[in-house]
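Student: Got a predicted model here, sequence first, then my questions.
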Amino acid sequence: MKRRSILKHSLALATAASLPRMSLAMASPADDFDYILTAETGRENLLGDAPTDILGFNGQFPAPVLRVKQGKRLRLRFDNKLEQASTIHWHGIRIDNAMDGVPMLSQKPVEPGESFVYDFVCPDAGTFWYHPHIHSIRQLGMGMVGALIVEEPDAPPYHEVIIGLKDWRLKPDGSYLPLSIPREAFRDGTLGTVNTVNGQQRPVIDVPASAALRLRILNMDNTRVFRPEVSGHETRILSLDGSPVIPHRPFELTPLGAGMRMDLAMYAPNRVGEQIPVYDKKGRFGVELCRLRVVENTRHTAPKTLPNLPANPIATPDLDKAEILRFVFEWQGALSPTRADGAVDHSFWLINRRAWDGGEDHHSLPEPLAKLTLGRSYIAELHNATPHQHPIHLHGLIFTVLSSNKRSIIPYHSDTILLEKNERARIAFVADNPGDWMFHCHVIEHMKTGLMGYISIS
Ligand code: C2O
Ligand code: CU
Ligand code: CU
């Protein structure tokens with residue numbers, strides 16, 4: 001509660017700095033939105049010694065951490081002060097379709113100078129995030145990504161640490177390298193050169209001695225698969241993609257593709273001054289992402305055991321009666337990824353032999369990949385027939401990952417599944433949220449070059 005009011009206050013201040021009239025709106029008790037977010041340009045010193053021009057929510061990076069209580073309404077006015085259209089998508093929220101932030105599919109793009117009020121209930125607690133769903137290579141690549149934390153009504157007594165991962169494609173002077181290189185877009189995607197956690201390179205994050213920690217790790221990068229690991233300490237997996245893993249289980253290396261999240265639980269050591277590195281594991285080695293530094297604990301009393309998270313109200317699919325859907329992810333490997341004139345081929349990646357042909361702003365909408373019946377259970381067989389990894393994401397629903405031909409799976413809830421090359425996996429869900437829901441790879445260049453579609457539930 002307190003944190004939320006502080007945040008509202010600081011958001012109001014951030015808004016007031018750039019938009020004096022709006023701060024009056026924020027102060028009004030009759031105000032019918034909790035937050036104002038503006039899309040605007042800003043400057044951040046990501047490299048430490050050279051400023052970078054960013055596109056930011058409220059012109060800043062990291063973007064404001066939005067908080068709402070589970071089951072409560074988030075009301076937010078989005079003002080677009082960029083010179084191009086934008087929207088906000090609420091990744092992982094089982095949202096009212098009209099609020100999903102997808103151009104043309106659920107709303108008109110928010111044009112420069114326009115506003116849009118997002119108003120929706122958050123039915124599930126967990127670690128979610130928000131980002132535009134248009135001009136994504138540029139807008140996400142230059143900073144428009146932020147954490148959305150939906151708090152449990154009685155939040156377990158954890159000390160929270162947010163670890164927001166994002167790479168930037170920067171030269172040493174702070175300016176950008178090309179955000180997308182066609183040759184890379186047709187492989188694993190174009191990787192960033194500068195790795196940041198919460199907008200800083202290898203930051204040191206203070207944690208109270210002996211506290212029970214909840215590390216909310218978010219991969220908000222356009223491309224990279226992270227394999228986060230807290231070195232030398234016993235950690236537990238509390239949740240995956242916002243959905244609680246109950247009971248929490250011993251840590252094992254879990255690759256987080258673009259868009260994916262993982263909450264880890266652990267006790268902070270009791271020795272003040274101790275530092276614990278968090279690595280992105282590469283085989284036996286690791287690249288340090290950040291460190292946790294133990295500081296004196298003035299008020300946090302740690303529970304005797306690490307508490308579980310409460311379950312979210314996700315419907316259980318009826319596997320016996322479920323209808324089977326099949327999705328094959330392919331590429332036009334025999335063709336050249338660029339056209340004769342060198343331009344990018346926007347139909348390189350395919351879902352069920354079709355590339356997204358609606359264009360960047362979805363000016364023409366293709367037919368849905370599948371039409372589902374409201375209330376019915378479905379099993380979707382996903383086949384990655386490419387030699388590349390794809391974090392496949394479904395909007396509006398949370399599915400259960402059932403099985404895979406590549407690894408043994410204890411079924412878990414998720415909104416994004418990272419398919420390894422040639423992997424076949426099965427997911428199941430109840431189609432209980434009506435509307436048109438995007439189904440796409442979260443490697444932004446892949447979705448922009450075909451690996452995108454939608455399903456329709458009515
Ligand atoms: Cu983060 Cu369409 O998704
Ligand atoms: Cu999403
Ligand atoms: Cu992909």
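Tutor: Received, thanks. Ligands and ions are numbered 1, 2, ... in the order given.
Student: can you pull the contacts of the residue of the stretch 201-350 of the chain found nearest ligand 3?
Tutor: Ranked by Cβ to the ion, the top residue of the stretch 201-350 of the chain for proximity to ligand 3 is Trp349, at 6.6 Å. Yep, even glycine has a C-beta here, placed from its N, CA and C like the rest. Counting by Cβ atoms under 8 Å, 6 or more residues apart in numbering, Trp349 makes contact with 329-332, 355, 386, 441, 446, 449-451.
Student: Quick one, grab the pLDDT at it.
Tutor: The score at Trp349 is 81. That number is its pLDDT.
Student: and it, what are its bridge partners?
Tutor: Trp331 (DSSP bridges).
Student: returning to what we had before: okay, and which of the contacts of Trp349 map to strands?
Tutor: Of the contacts of Trp349, the ones assigned to strands by DSSP state E are 329-331, 441.
Student: near ligand 3, which residues of the stretch 251-400 of the chain?
Tutor: Taking Cβ under 5 Å from the ion as the contact definition, the stretch 251-400 of the chain meets ligand 3 at His390.
Student: Show me the protein divided up by domain.
Tutor: In terms of domains, the chain is parsed into 3-153, 160-295, 323-457 (source: automatic domain parsing).
Student: Which residue ranges of the chain form helices?
Tutor: 2-18, 20-27, 136-141, 182-185, 444-448 (DSSP state H).
Student: Determine whether any part of the third one lies close to ligand 2.
Tutor: No: for helix 136-141 and ligand 2, the contact criterion (Cβ under 5 Å from the ion) is not met; the two come no nearer than 11.4 Å.
Student: Just list what that helix packs against, helices and strands only.
Tutor: The elements that helix 136-141 packs onto, with contact taken as 3 or more Cβ pairs under 8 Å, 6 or more residues apart in numbering; DSSP states H and E, are helix 444-448.
Student: Next, see if the helix it packs on gets close to ligand 3.
Tutor: Yes: Helix 444-448 lies within reach of ligand 3 by Cβ under 5 Å from the ion, at His446.
Student: what helices or strands is that helix leaning on?
Tutor: helix 136-141, helix 182-185.
Student: Tell me which residues of the last one come out buried.
Tutor: Of all the residues in helix 182-185, those buried under the rule 16 or more other Cβ atoms under 10 Å are 182, 185.
Student: end to end, how far does stretch 195-215 reach?
Tutor: 18 Å (Cα to Cα, to the nearest Å).
Student: quick check, distance from that stretch to the centre of its chain.
Tutor: The chain centre lies 19 Å from the centre of stretch 195-215; the measure is Cα atoms, centre = their mean, to the nearest Å.
Student: Also stretch 127-141?
Tutor: Relative to its chain's centre, stretch 127-141 lies at 9 Å (Cα atoms, centre = their mean).
Student: Report the separation between the residue positioned nearest the centre of the chain and Trp356.
Tutor: Residue closest to the mean C-alpha point of the chain, counted by Cα atoms, centre = their mean, is Gly259 at 3.6 Å. Using Cβ to Cβ, to the nearest Å, Gly259 is found at 17 Å from Trp356.
Student: before we move on, back to that, show me which of the contacts of Trp349 is closest to Ile93.
Tutor: Within the contacts of Trp349, distances to Ile93 taken as Cβ to Cβ reach their minimum at Cys441, with 19.6 Å.
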